[in-house]
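In: Give me a 3D structure for the following:
(chains A, B and C)
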Amino acid sequence: MTQLFGLADCNNFYASCEQVFQPQLRGKPTVVLSNNDGCVIARSAEAKALGVPFGIPHFKIRNIPGFQKIQVRSANFTLYGDMSSRVMATISSHVPSIEIYSIDECFIDYNGVAHALDNAKRLCETVYKWTGISICIGLGPTKTLAKLANQKAKKITSKVVDLSNIDTCQAALAETEIGDVWGIGRRWAARLQMQGIHTAQDFARMDRRLVRNMMGVVGLRTADELNGTSCLNLEQLTPNKQSLCISRSFEKTIRAHAELEKRIHYFTNRVAEKLRRSGLVTSAISIFVQGNLFRKELPQYSNNVTISLGGPTSDTGEIVKVALYGLVKIYQPNIPYKKAGVILLDLHRVGTAPPHLFTQPNPRRETLMRTIDQLNHKFGSKTISYGQIPQSRTW
DNA sequence: TCTGGGGTCCTAGGACCC
DNA sequence: TCTGGGGTCCTAGGACCC
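Out: Sure, this is the predicted structure:
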């Protein structure tokens, strides 16, 4: 049975959020920067028109002609998360069901919806009216084709494209570069192009065995989906998280162990909070450190270590202890470090983790963690933390 | 001078089992 | 001339996504 998927995607999401809340930015080239104001992670339509590339470092913006007009904002992820919830709720209330795919995208189940195209157009208008965010919707018999339809929709004023029709679909495939296909990244695009595969249509027409041999089942799935065979279903249930990570680049390079230790301390406090907020426990932790990949003339070093926690826990104290031990194991002196991070692995919902033979849950510690979280929630995240994180933290 | 952060899945190969 | 067959589990690395 032929299915019908929709893919709704917010246009220039972070930049649009800024423009909604700061009306003076509307119509002006606006960009949003990553953490530490490192590089551009979102651009308004006007900024794209000026030629601001995605990912460009902040300091290179001034090389762009007309850069004086560009409005630059630091990212506000709390705001974007909140706006995302509003957009998703609006969409969800107008269609049978959705799968939230990322902060600014969702797949829509359009099966059995009469006049899906008109329906989608009205939905775009409603979302704009209710939230101020402009979205586009692509329709197709598979998720991959709905994604492709969405890219086409971004380029037209009606904001909706339907690729259910076979001729329309073939035309779209023929004019889509291979690297623009969902699931084909930079590496595969380069390799495929060397083999004479330049468009989505070239790829869809490749011999299936060849695709399977070269790219495995993932590539094969993409090829089948381009040919209209649906391999990816709408996922209604949000899957359990497998890992949680906090990592940052440093504003300047760091050499001293003590200085790195403060960062690891801080990251571990944050990621453990995230863990408890998600109702999860962890049994393994991974620490990584990295030099400056952009400065080839400096000594290059990066390393990571994964350590078992000896049983499921969400206790910041326990996790911090192991994290710092991990840092000792991978730290090398006299390296200019530029980035580090903490990843929690082997996650389970509280109460569902296989218990450890030798450790018992400690109710007093659990109360302590709950109290710390409540205080930080009530009085701000810097109120109380585990270990030596300077109160006057500048980073 | 200055270059993000947070995720997922698949595969190949090694260790180990009977 | 000649070295079994069939599994599982784990990990590192490579690819991808937003």
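
In: only C-alpha atoms for contact and neighbour calcs from this point on.
Out: Fine.

In: and the stretch 51-200 of chain A, which residues reach DNA strand B?
Out: Counting by CA under 7 Å from any atom of the strand, the stretch 51-200 of chain A comes close to DNA strand B at A:55-59.

In: ok, of those residues, which come out buried?
Out: A:H58 (16 or more other CA atoms under 10 Å).

In: Longest helix in chain A, please.
Out: Looking across chain A with DSSP state H, the single longest helix is helix A:257-277.

In: could you list every residue that touches the closest residue in space to A:N35 that isn't next to it in sequence?
Out: Distances taken as CA to CA, 6 or more residues apart in numbering place A:A75 nearest to A:N35, at 7.0 Å, with adjacent residues excluded. A:A75 makes contacts with A:14, A:32-35, A:37, as judged by CA atoms under 8 Å, 6 or more residues apart in numbering.

In: got a winner among these for most neighbours?
Out: Neighbour counts for these peak at A:Y14, which has 30 neighbours (criterion: other CA atoms under 10 Å).

In: how far is the helix or strand containing that residue from where the chain is centred?
Out: Taking DSSP states H and E as the definition, A:Y14 sits inside helix A:13-21. Taking CA atoms, centre = their mean, to the nearest Å, one finds the center of helix A:13-21 at 17 Å from the center of the full chain.

In: Could I get the buried residue list for stretch A:329-342?
Out: Within stretch A:329-342, the residues that count as buried by 16+ other CA under 10 Å are A:331-332, A:335-342.

In: Reformat these into CSV and put secondary structure, distance to DNA strand B and pLDDT next to each item.
Out: Formatted as CSV, the buried residues of stretch A:329-342 follow (DSSP: H, G, I helix; E, B strand; the rest coil; distance: CA to the nearest atom of the strand, whole Å; pLDDT from 0 to 100):
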residue, secondary structure, distance to DNA strand B, pLDDT
A:Y331, coil, 19, 94
A:Q332, coil, 20, 92
A:I335, coil, 14, 91
A:P336, coil, 10, 93
A:Y337, strand, 10, 94
A:K338, strand, 7, 93
A:K339, strand, 6, 94
A:A340, strand, 8, 95
A:G341, strand, 7, 95
A:V342, strand, 8, 96
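
In: Closest one to A:A189 out of those residues, please.
Out: Of all the buried residues of stretch A:329-342, A:A189 sits closest to A:K339, with 29.2 Å by CA to CA.

In: Hmm, the closest one is touching A:G291, no?
Out: Yes. Using CA atoms under 8 Å, A:K339 is in contact with A:G291, at 6.7 Å.

In: List of residues touching stretch A:289-306?
Out: The contact list for stretch A:289-306 (CA under 8 Å, 6+ apart) reads A:253, A:284-288, A:326, A:329-331, A:335-341.

In: then it to PDB, C-alphas only?
Out: Provided in PDB are the C-alpha atoms of stretch A:289-306 (Å, rounded to 0.1, in the frame of the first residue of the first chain):
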ATOM      1  CA  VAL A 289      40.300  15.800  25.700                       C
ATOM      2  CA  GLN A 290      41.400  17.300  22.500                       C
ATOM      3  CA  GLY A 291      44.000  19.700  21.200                       C
ATOM      4  CA  ASN A 292      43.400  22.400  18.600                       C
ATOM      5  CA  LEU A 293      42.600  20.700  15.400                       C
ATOM      6  CA  PHE A 294      42.800  24.000  13.500                       C
ATOM      7  CA  ARG A 295      46.400  24.800  14.500                       C
ATOM      8  CA  LYS A 296      48.400  22.100  12.800                       C
ATOM      9  CA  GLU A 297      51.700  23.700  13.900                       C
ATOM     10  CA  LEU A 298      50.800  23.000  17.600                       C
ATOM     11  CA  PRO A 299      51.400  19.600  19.200                       C
ATOM     12  CA  GLN A 300      48.400  17.500  18.300                       C
ATOM     13  CA  TYR A 301      47.000  15.200  20.900                       C
ATOM     14  CA  SER A 302      43.600  13.800  21.700                       C
ATOM     15  CA  ASN A 303      42.500  10.900  23.800                       C
ATOM     16  CA  ASN A 304      39.500   9.400  25.600                       C
ATOM     17  CA  VAL A 305      38.900   6.700  28.200                       C
ATOM     18  CA  THR A 306      35.800   4.800  29.200                       C
END
